[in-house]
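>>> give me a 3D structure for the following:
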Amino acid sequence: MSLPIARPRCDRCNLPLHLCLCAELPRVETRTRFLLVQHVVEPRKKSNTGRLAALALTNSRLLTYGALDEALDTALISEPGTWLLFPDGPTAPPDAPAPRQLVVLDGSWSQTRRMTQRIAALRTIPRLVLPPPAPGTLRLREPTHPSGMSTLDAVARAVALLEGLEAAAPLERLATLRVQRIADCGTLN
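Predicted coordinates:
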C-alpha cells in the first residue's frame, strides 16, 4: 500500500500550491485591531483559515498559544477595550462601546474552549457572540458546535458587525473562494 504523495505548499498561505490564494488576498483595513491567537497545531494544518485572515487584515497580529518554547503575551489581551470573539459566555452590555481590539481564537472547538479556560485574561473580557450561520452556508465540513464556523468566516462576520458589510465583503469573497477551490479539487492534499 502506498501513501498519498503530499503536494508542495505555499510558504505564505500554507495551502497546496494548486490551491494557493495569495493572489486573491485582499487588504482589509479596519478600525478594530484583530488579535488572532492560534493553537500551536493550527499553523501546520492546510485547513488553517486564521492565517488567511491575518494576512488579509492590515490591523492584525497573529500569536501562537501552546508552544513549549514561547509563552503567550497576555498583556496584549488585557489591553483596555479588548473583547473576545466566542460563541459562549457573557456578552458585553448592549450599551458598551465597540471593541478597540478583538481576540479571535484559531483552532478546533475543543482547543479554543480549552484556551478560554486556561488563559486567565480571556475569562474577564466581554464577548462578541455571532449568531449561528444560516442553513445552507457554504462550508467544507459540519462544525462540532452549533455556532461553529471557520476562523476566516467568523472574522468576516465580526468585521461586518463592527465595521460594516462593505469592509467585510472582501473577506467573505475570500472565504467562499477558498471553499469553492477546495471543493472543486475534492481534497486539500
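>>> so Pro26 sits against Leu174, correct?
Yes: assessed by CB atoms under 8 Å, Pro26 is found in contact with Leu174 at 6.2 Å. C-betas here are computed from N, CA, C, even on glycine.
>>> which of these two has more neighbours?
Taking neighbours as other CB atoms under 10 Å, Pro26 and Leu174 compare with Leu174 leading, 24 against 14.
>>> and the more buried one, how close does it get to Pro131?
Distance of Leu174 to Pro131, computed by CB to CB, to the nearest Å: 21 Å.
>>> with Asp11 instead?
Here the criterion is CB to CB. By it, Asp11 lies 36 Å from Pro131.
>>> cool, Met115 as well?
From Met115 across to Pro131, the span is 22 Å (CB to CB).
>>> which one's more surrounded, the two?
Neighbours per residue (other CB under 10 Å) separate Met115 from Pro131, with Met115 holding more: 22 against 9.
>>> quick one: pLDDT of the residue nearest the centre of the chain?
Nearest to the geometric centre of the chain sits Thr151, at 2.6 Å (CA atoms, centre = their mean). We have a pLDDT of 92 for Thr151.
>>> list phi and psi for the residue nearest to it when sequence neighbours are not counted.
Nearest residue to Thr151 in three dimensions, chain neighbours excluded: Gly50, at 4.1 Å (CB to CB, 6 or more residues apart in numbering). Torsion angles at Gly50 (phi, psi; degrees, to the nearest 10) stand at phi -60, psi -40.
>>> Asp106 is in contact with Gly50, correct?
Yes: here Gly50 lies in contact with Asp106, judged by CB under 8 Å, at a distance of 3.1 Å.
>>> which neighbours do the two have in common?
Common neighbours of Gly50 and Asp106 (criterion: CB atoms under 8 Å, 6 or more residues apart in numbering): Leu36, Gln38, Glu42, Thr151.
>>> for those residues, work out which two are farthest apart.
Greatest spacing in the shared contacts of Gly50 and Asp106, by CB to CB: Leu36 and Glu42 (9.6 Å).
>>> now the common contact residues for these two.
With CB under 8 Å, 6+ apart as the test, Leu36 and Glu42 both reach Gly50, Asp106.
>>> where exactly do the helices run in the protein?
50-56, 109-118, 120-123, 151-163, 165-185 (DSSP state H).
>>> any low-confidence regions in this structure?
1-6, 46, 134-148, 186-189 (pLDDT under 70).
>>> quick one, strands of it?
Shown for the chain, the strands assigned by DSSP state E span residues 33-39, 60-65, 82-85, 101-106, 127-128.
>>> dump those into TSV; add distance to Ala54 and mean neighbour count as well.
Below are the strands of the chain laid out as TSV (distance: least, CB to CB, whole Å; neighbours: other CB atoms under 10 Å):
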stretch	distance to Ala54	mean neighbour count
strand 33-39	5	23
strand 60-65	4	18
strand 82-85	14	23
strand 101-106	9	25
strand 127-128	18	20
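>>> nearest to Gln180, of these?
Of all the strands of the chain, strand 101-106 comes closest under CB to CB, at 21.5 Å.
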